[in-house]
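Q: Following is a predicted model, sequence given first.
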Amino acid sequence: MVGKLRQMAGVPYEAKFMNPKIAVVIPCYKVCKHISDVIKKIGDEVWRIYVVDDGCPEGSGKHVGTSVNDPRMRVLFNTENLGVGGAVMTGYSAAIADGAEVIVKIDGDGQMNPEMISRFVAPILKGQADYTKGNRFYNLTHISQMPAARLFGNAVLSFMTKLSTGYWNIFDPTNGYTAIHAKVAATLPMDRISRRYFFESDMLFRLNTMRAVVVDIPMDTVYGDEQSHLKISKIFGEFLVKNTRNLIKRLFYNYFLRDMTIASVELVVGSSLFIFGLVFGSVRWIHAVRICEATPLGAIMVAAMPLLIGLQLILAFLGYDIASVPKRPIHDDLPDSPHA
């Protein structure tokens with residue numbers, strides 16, 4: 001398996017990643033029924049496995065400790081439930097401290113095939129990506145297996161995440177099958193990343209502020225008897241608020257604090273003109289309706305011209321933003337972890 005991974009990564013035997021230290025982090029919460037089988041399917045290309053019992057009421061950590069005999073496995077315990085993000089950060093910290101080079105995160109419910117780990121790691125070892133994530137929407141044949149509500153919800157969440165993170169080239173933002181270079185993970189502000197269902201989207205926002213390269217990996221998902229804790233109807237409002245907050249932060253960081261370009265001017269001028277035209281036109285239209293008179297042509301022009309010009313400038317800004325998706329991986333430029 002390691003030889004296969006080297007071939008996929010395109011590196012020679014003497015290369016830096018001759019024997020890459022690949023770690024797998026598995027956050028566990030109410031997955032006793034599936035977690036043992038997940039661990040047993042992890043191939044020998046993986047160097048270490050971190051099972052994180054996130055205050056699991058079923059005792060997932062103790063369960064695997066007694067039912068799985070794998071010398072690569074380390075069981076970590078969170079004294080309280082921190083959510084998937086908190087559990088993953090616990091695993092990341094332990095893997096970085098132990099000297100991991102690439103860290104893969106999979107769930108313990110059996111929906112993610114551990115045999116795909118080498119596919120997620122390969123772009124990072126090739127130097128083509130800093131972070132990879134799964135995308136369940138590549139194969140149209142297998143999309144039919146996904147519940148309709150989840151399919152629609154993911155489409156809406158994907159669009160919101162594209163706006164807030166700046167990664168216009170990705171889809172399926174809530175997909176939890178991921179891999180990250182350990183040096184990139186060590187640079188993340190782990191104490192500030194969202195700990196619960198917004199975790200994956202917030203990770204993408206943090207990675208964009210670092211200018212990390214993110215790549216989608218086509219994958220299939222098996223829906224068995226496991227229960228998903230993610231309900232689109234319950235988290236939509238939270239995601240809308242948090243994505244809007246991250247969008248504002250990203251625009252400020254990338255276009256005003258870190259750098260200023262013509263796109264910065266297009267955003268400010270275009271937004272101002274568009275808002276003025278929209279507000280002025282609405283006020284005049286409401287006034288005309290109330291007095292039962294036609295809106296004067298001059299007022300219509302005063303509203304329409306800023307609206308159209310503003311819209312064109314905003315579209316020009318979006319074109320610049322889409323073209324600015326990070327393309328050069330950053331992990332080789334980051335310092336080595338002191339634990340490595």
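A: Thanks, I have the structure now.
Q: what stretches of the chain score poorly on pLDDT?
A: The chain contains residues with pLDDT under 70 at 1-18, 140-147, 149-150, 221-233, 337-340.
Q: at 80 instead, please
A: Within the chain, the set of residues satisfying pLDDT under 80 comprises 1-18, 138-154, 220-236, 295, 336-340.
Q: Now do the longest helix belonging to it: which elements does it pack against?
A: Longest helix of the chain, by residue count under DSSP state H: helix 262-291. Under the contact criterion of 3 or more C-beta pairs under 8 Å, 6 or more residues apart in numbering; DSSP states H and E, helix 262-291 touches helix 297-323. Using the backbone N, CA and C atoms, a C-beta is placed for each residue, glycine as well.
Q: Quick one: work out the angle between the helix it packs on and helix 262-291.
A: 150 degrees (axes from the mean of the first three to the mean of the last three C-alpha atoms, to 10 degrees).
Q: who does helix 297-323 touch, helix- and strand-wise?
A: With 3+ C-beta pairs under 8 Å, 6+ apart as the test, helix 297-323 has helix 262-291 packed against it.
Q: so what are the domain limits for the chain?
A: Using automatic domain parsing, the domain ranges for the chain come out as 2-254, 260-323.
Q: export the ones you listed to a markdown table and tack on mean neighbour count?
A: Shown next, in a markdown table, are the domains of the chain (neighbours: other C-beta atoms under 10 Å):
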| stretch | mean neighbour count |
| --- | --- |
| domain 2-254 | 19 |
| domain 260-323 | 15 |
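Q: Relative to residue 334, which of the ones you listed is closest?
A: Evaluated with C-beta to C-beta, those place domain 2-254 nearest to residue 334, the distance being 4.3 Å.
Q: That closest one: how far from the chain's middle?
A: 8 Å (C-alpha atoms, centre = their mean, to the nearest Å).
Q: cool, and stretch 276-283?
A: Here the centre of stretch 276-283 is set off from its chain's centre by 37 Å, with C-alpha atoms, centre = their mean.
Q: Adding distance to residue 334, write the domains of the chain out as a markdown table.
A: Output for the domains of the chain, formatted as a markdown table (distance: least, C-beta to C-beta, whole Å):
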| stretch | distance to residue 334 |
| --- | --- |
| domain 2-254 | 4 |
| domain 260-323 | 25 |
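Q: Tell me which of those lies nearest to residue 330.
A: Closest among the domains of the chain, once you apply C-beta to C-beta, is domain 2-254, at 5.5 Å.
Q: Helices of the stretch 101-250 of the chain, start to end?
A: Counting by DSSP state H, counting those that start in this stretch, the stretch 101-250 of the chain has helices at residues 117-125, 140-143, 148-165, 182-187, 199-209, 232-252.
Q: Among the ones you listed, which comes closest to residue 175?
A: helix 199-209 (6.8 Å).
Q: quick one: the closest one to helix 148-165, angle?
A: Going by the same axes, to 10 degrees, helix 199-209 makes 20 degrees with helix 148-165.
Q: Which other helices and strands does helix 199-209 contact?
A: helix 83-97, strand 131-135, helix 148-165, helix 232-252.
Q: want to throw those into a markdown table with distance to residue 275?
A: Converted to a markdown table, the helices and strands packed on helix 199-209 look like this (distance: least, C-beta to C-beta, whole Å):
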| stretch | distance to residue 275 |
| --- | --- |
| helix 83-97 | 35 |
| strand 131-135 | 35 |
| helix 148-165 | 18 |
| helix 232-252 | 15 |
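Q: Of the ones you listed, which is nearest residue 188?
A: Closest among the helices and strands packed on helix 199-209, once you apply C-beta to C-beta, is helix 83-97, at 7.7 Å.
Q: Which strands and helices lie in contact with that closest one?
A: strand 22-28, strand 48-54, strand 73-78, strand 102-105, helix 182-187, helix 199-209.
Q: Columns distance to residue 170 on top of those, output as a markdown table?
A: Shown next, in a markdown table, are those (distance: least, C-beta to C-beta, whole Å):
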| stretch | distance to residue 170 |
| --- | --- |
| strand 22-28 | 21 |
| strand 48-54 | 25 |
| strand 73-78 | 29 |
| strand 102-105 | 16 |
| helix 182-187 | 16 |
| helix 199-209 | 7 |
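Q: Can you say which of those is nearest to residue 333?
A: helix 182-187 (9.1 Å).
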